[in-house]
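Q: Need the 3D shape of this:
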Amino acid sequence: MTVDDVAERAPALEASKETLEDYTLRFAPRTYRRWTPAVVGASALGGIAYMADFSIGAGIGLTHGTGNALLAIGFAAVVIFVTGFPLAYYAARYNIDLDLITRGSGFGYYGSVLTSVIFASFTFIFFALEGSIMAQGLRYALGLPLWLGYLTSTLIIIPLVIYGMKVLAKLQSWTNPLWLLLMVAPLVFLIVQEPDSVRRWLSYGDNGVSTAAVMLGAGVCLSLMGQIGEQIDYLRFMPPRTAENKKAWWTATVLAGPGWVVFGAFKQAIGVFMAVYVLDAVGAVAAVEPIEQFTGVFKQFMPPWLVVPLALVLVVLSQVKINVTNAYSGSLAWTNSFTRVTKRYPGRLVFVLVNLAIALVLMEADMFSFLNKLLSFYSNCAMAWVVTVATDIAINKYVLKLSPKQPEFRRGMLYAVNPVGVGSFLASSILSISVYFGLFGAAIQPYSPLVAVGIPIVLTPLLAVVTKGRFYLRRTDDGIVEPVLDETGNPSGTRYDCVVCGESYERPDMTASAAGGTICSLCLSTDREGLHVLP
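A: The predicted structure follows:
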């Protein structure tokens with residue numbers, strides 16, 4: 001072995017060892033995916049324990065009235081469910097994350113870097129929101145200054161997110177029952193004891209339905225569309241679908257995939273209910289804070305000494321459950337983008353710290369006070385991305401058959417940029433943001449969500465037809481005789497040795513090397529000279 005060979009293999013071997021904890025940036029192999037569909041589904045749903053839904057619902061309800069808020073929440077939930085379904089299916093069926101899906105669904109190998117940055121932004125924005133809510137709880141219960149609460153809510157996550165899926169699965173599964181009990185039981189008790197609270201909730205701000213108000217509220221809710229990426233970071237570990245587990249497989253995929261929004265919409269509606277309930281006691285500003293909402297509810301049936309501690313436990317537990325996911329998914333997104341652009345793998349922990357640092361800055365800048373405006377702006381980009389990918393899968397792959405049905409993510413197999421997805425995403429983002437800022441007039445300003453959703457549905461198939469699908473695959477042959485999928489349609493479990501790092505990986509992660517032998521997807525991504533990229 002030459003000195004150059006050693007130099008090439010050392011960083012690749014180091015990178016491969018770290019990624020084997022949770023198969024960062026890779027196809028997740030059968031040998032690692034030993035959880036049942038129920039365990040994967042429960043772990044994924046644990047990530048939706050965030051408290052921001054209560055604040056989002058409260059903000060929309062107090063601004064536009066309960067009727068408009070519920071319509072906005074329902075409209076957004078339908079859009080998120082429909083667009084999230086094809087993405088969740090592809091993740092669970094082919095065991096790859098959303099960035100790897102995006103590469104082969106209209107964006108190209110480097111084109112999806114744009115969406116990785118969008119997704120990374122989603123994770124640190126929502127980390128900051130949840131951290132702010134935890135800091136509010138610490139101030140309320142313990143008198144901790146907000147700045148110290150922000151720091152505490154950030155530092156507490158680091159030791160939990162260093163490890164991958166194995167630790168996250170245990171954390172989410174073990175804490176789900178307590179979280180559900182603390183959230184649901186008090187509300188059920190309140191509704192039974194005070195049925196008039198439901199009437200007050202439904203009649204609040206009852207000035208009739210306003211389409212503009214519904215769309216403004218929906219724009220805030222639709223900012224959560226990027227949550228499907230975090231659900232997919234769990235769903236990619238689903239076991240192969242078989243005749244024996246088919247029912248459980250589909251149940252977990254649907255509930256933990258697009259089904260997350262059903263739980264999310266329920267929490268937003270509860271947020272409106274609790275905000276209306278505590279409004280007279282705490283005022284409009286405090287009514288959108290979850291710690292104030294749950295404290296107000298707990299006071300109705302608990303002894304005074306137990307109210308604040310239990311409310312704090314609920315807030316802290318929710319924050320930890322979602323922010324380990326935010327930090328984990330954000331680190332994957334940043335690492336993915338950095339590795340492709342620089343062809344260097346710095347280690348996921350580096351970007352855990354980067355993501356948390358950005359979130360901490362946002363918290364210290366008091367982003368909670370302009371939550372709805374920030375989310376409304378951000379939602380335009382998130383919607384443009386997710387709807388573009390969902391449309392490519394549903395229409396371009398299955399109806400027009402111009403996009404290859406089998407997902408592709410490996411370097412050398414894809415063009416650098418595919419104008420289908422990138423063009424649709426950019427057009428939708430730019431136009432919807434322009435509408436949002438009123439560049440086309442105040443009358444249509446509230447309807448930027450419809451622009452962000454509508455343009456990709458039309459433009460993605462149109463661009464595929466115009467380009468005749470020629471920019472999806474650079475190559476159709478990866479140099480290995482065995483098919484990527486086995487006879488059941490599941491990714492093959494046959495293992496091949498990588499000529500660079502020396503580790504063995506399953507068939508979907510491998511291609512032939514131009515220098516001979518086979519090479520794994522990560523080593524191919526970090527091949528700076530392109531020596532192993534097939535011509």
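
Q: For Tyr505, grab phi and psi.
A: Backbone torsions for Tyr505, taken as degrees, to the nearest 10, come to phi -140, psi 160.

Q: Kindly report the same for Ile519.
A: Dihedral angles of Ile519 (phi, psi; degrees, to the nearest 10) stand at phi -140, psi 140.

Q: List the contacts of the closest residue to it other than its chain neighbours.
A: Taking Cβ to Cβ, 6 or more residues apart in numbering as the measure, Ile519 lies nearest to Ser513, with 4.2 Å between them; neighbours along the chain are not counted. Using the backbone N, CA and C atoms, a C-beta is placed for each residue, glycine as well. The neighbourhood of Ser513, defined by Cβ atoms under 8 Å, 6 or more residues apart in numbering, consists of 479, 499-500, 519, 524, 532, 534.

Q: ok, Leu450 touching Met215?
A: Yes - in this structure Leu450 lies within contact range of Met215 using Cβ atoms under 8 Å: 6.9 Å.

Q: And the helices in the stretch 101-250 of the chain?
A: For the stretch 101-250 of the chain, the helices defined by DSSP state H, counting those that start in this stretch cover 113-142, 146-155, 158-161, 165-193, 196-203, 211-222, 227-235, 246-256.

Q: what's the burial count for Glu529?
A: Glu529 is surrounded by 9 other residues when neighbours are defined as other Cβ atoms under 10 Å.

Q: likewise Gly296?
A: Applying other Cβ under 10 Å, I find that Gly296 has 22 neighbouring residues.

Q: what sits against it?
A: 274, 277-278, 281-282.

Q: What of Ile291?
A: Applying Cβ under 8 Å, 6+ apart to Ile291 gives the contacts 133, 136-137, 140-141, 311-312, 315.

Q: Just put the residues you listed in CSV and tack on neighbour count and pLDDT.
A: Supplementary listing: the contacts of Ile291 in CSV, determined by neighbours: other Cβ atoms under 10 Å; pLDDT from 0 to 100:
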residue, neighbour count, pLDDT
Ile133, 26, 83
Gln136, 23, 85
Gly137, 29, 85
Tyr140, 19, 85
Ala141, 19, 84
Ala311, 26, 82
Leu312, 19, 83
Val315, 28, 81
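
Q: ok, back up a step: highest neighbour count among the contacts of Ser513?
A: If you count neighbours using other Cβ under 10 Å, the busiest of the contacts of Ser513 is Ile519, which has 32 neighbours.

Q: Tell me the bridge partners for it.
A: When bridges are taken as DSSP bridges, the partners of Ile519 come out as Thr511.

Q: unless I'm mixing things up, it is touching Asp497, no?
A: No - taking Cβ under 8 Å as the definition, Ile519 is not a contact partner of Asp497, at 9.5 Å.

Q: Leu450 and Met215: who's more crowded?
A: Between Leu450 and Met215, counted using other Cβ under 10 Å, the more crowded position is Met215 (22 against 18).

Q: How much space separates that one from Gly59?
A: Computed as Cβ to Cβ, to the nearest Å, the Met215 to Gly59 distance reads 15 Å.

Q: And for Lys299?
A: Applying Cβ to Cβ, the value for Lys299 to Gly59 is 23 Å.

Q: So what's the predicted local confidence for Ala72?
A: Listed pLDDT for Ala72 reads 95.

Q: so what's the nearest residue to Ala284 once chain neighbours are set aside up against?
A: Nearest residue to Ala284, sequence neighbours excluded (Cβ to Cβ, 6+ apart): Leu62, at 5.8 Å. Leu62 makes contact with 205, 272, 275-276, 279, 284, 287-288 under the criterion Cβ under 8 Å, 6+ apart.

Q: I'd assumed Met238 was in contact with Tyr32.
A: No - counting by Cβ under 8 Å, Tyr32 stays clear of Met238, with 11.5 Å between them.
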